[in-house]
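Colleague: Okay, structure incoming, though there's no sequence with it:
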Ligand code: C5P
């Protein structure tokens, strides 16, 4: 099989990470979670007492493999700081080549915000995964707390945080969050992870990109 590159973009907590991981496993392709790169840069800035709006570039250039394996990258303060460092064009260009080198080595399933538009505009297939803010907030809450959210205030807070981050990601000048023109859009409000994976595999099969 050729070195397939499959781009999976979408807003926060839409289910793209789950899809990308499962798809990579199914197709025996490497998986790259590009959000982790921005999170790791943000974590470095915060730990150094820096300002995520200013100090991203130096930390993006110094990023080490072990920075990606920390267990404190998926916490709310890093959600916010990652979205701030990600606005910086210098940060984005420092991370761009790493993503391309990884993907080109053996092909990959790559998830993020600008994969189909900027990082791999020539990807073999592109998907844009989305869901309503309410559904995404509920999923994010479950991921972080291990159970469904019954507290409407906590859910409203989660929705507001997701909306703020999406707004920031979609309005930045460099590589904003948006679907590539040739991306297949999948709304996952009423789909579980297995159904999304099946749908994507069916599309790849119909296009002759995979045989299952
Ligand atoms: O996907 P995740 O929520 O881990 O991404 C964290 C942040 O990193 C996003 O809110 C976004 O600002 C940034 N990001 C990006 N481009 C990507 C992946 C993530 O700007 N390709």
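Modeller: Looks like it came in fine. Remember, predicted model here, so these are calculated numbers, not experimental data. Numbers count the residues shown, from 1 in each chain.
Colleague: residues near residue 25, how many?
Modeller: 12 (other C-beta atoms under 10 Å). C-betas here are computed from N, CA, C, even on glycine.
Colleague: Going by secondary structure, it is in what exactly?
Modeller: helix 16-27 (DSSP states H and E).
Colleague: Okay, buried residues for that helix please.
Modeller: Under the neighbour-count criterion of 16 or more other C-beta atoms under 10 Å, helix 16-27 has 16, 17, 18, 19, 20, 21, 22, 23, 24, 27 buried.
Colleague: near the ligand at all, the next helix or strand after that helix?
Modeller: For helix 16-27, the following helix or strand on the C-terminal side (DSSP H and E) is strand 31-33. No - residues of strand 31-33 contacting the ligand under C-beta under 6 Å from any ligand atom: none, with a closest distance of 6.8 Å.
Colleague: Check which helices and strands whichever helix or strand comes after strand 31-33 is in contact with.
Modeller: Counting by DSSP H and E, the next helix or strand C-terminal to strand 31-33 is helix 35-47. Contacts defined by 3 or more C-beta pairs under 8 Å, 6 or more residues apart in numbering; DSSP states H and E place helix 35-47 against helix 56-61, helix 76-85, helix 89-106.
Colleague: do that again at 10 Å, thanks
Modeller: For helix 35-47, the packing partners by 3 or more C-beta pairs under 10 Å, 6 or more residues apart in numbering; DSSP states H and E come out as helix 16-27, helix 56-61, helix 76-85, helix 89-106, strand 108-112.
Colleague: hmm, back to that, helices or strands up against the helix holding residue 25?
Modeller: strand 5-9, strand 31-33, helix 35-47, strand 108-112, strand 125-130, helix 133-145, helix 193-206.
Colleague: how near is the most centrally placed residue in the chain to the ligand?
Modeller: Residue closest to the average C-alpha location in the chain (C-alpha atoms, centre = their mean): residue 112, at 3.0 Å. Going from residue 112 to the ligand by C-beta to the nearest ligand atom, to the nearest Å gives 2 Å.
Colleague: can you pull the contacts of that residue?
Modeller: Contacts for residue 112 (C-beta atoms under 10 Å, 6 or more residues apart in numbering) come out as 7-10, 16-17, 20, 32-38, 86, 95, 99, 118-120, 175, 177.
Colleague: Counting by contacts, list what the lengthiest helix in the chain packs against.
Modeller: Scanning the chain for the helix with the most residues, using DSSP state H, yields helix 152-171. Judged by 3+ C-beta pairs under 10 Å, 6+ apart, helix 152-171 is in contact with helix 76-85, helix 133-145.
Colleague: Of all the residues in the shortest one, which ones are buried?
Modeller: The reference is to helix 76-85. Going by neighbour count (16+ other C-beta under 10 Å), the buried part of helix 76-85 is 78, 79, 80, 81, 82, 83, 84, 85.
Colleague: near the ligand, which residues of this protein show up?
Modeller: Listed as neighbours of the ligand in the chain under the rule C-beta under 6 Å from any ligand atom: 12, 34-35, 38-39, 82-83, 86, 112-115, 165, 169.
Colleague: sorry, back to before: turn the helices and strands packed on helix 35-47 into CSV, columns for mean pLDDT.
Modeller: CSV is the format used below for the helices and strands packed on helix 35-47 (pLDDT from 0 to 100):
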stretch, mean pLDDT
helix 16-27, 97
helix 56-61, 98
helix 76-85, 96
helix 89-106, 96
strand 108-112, 98
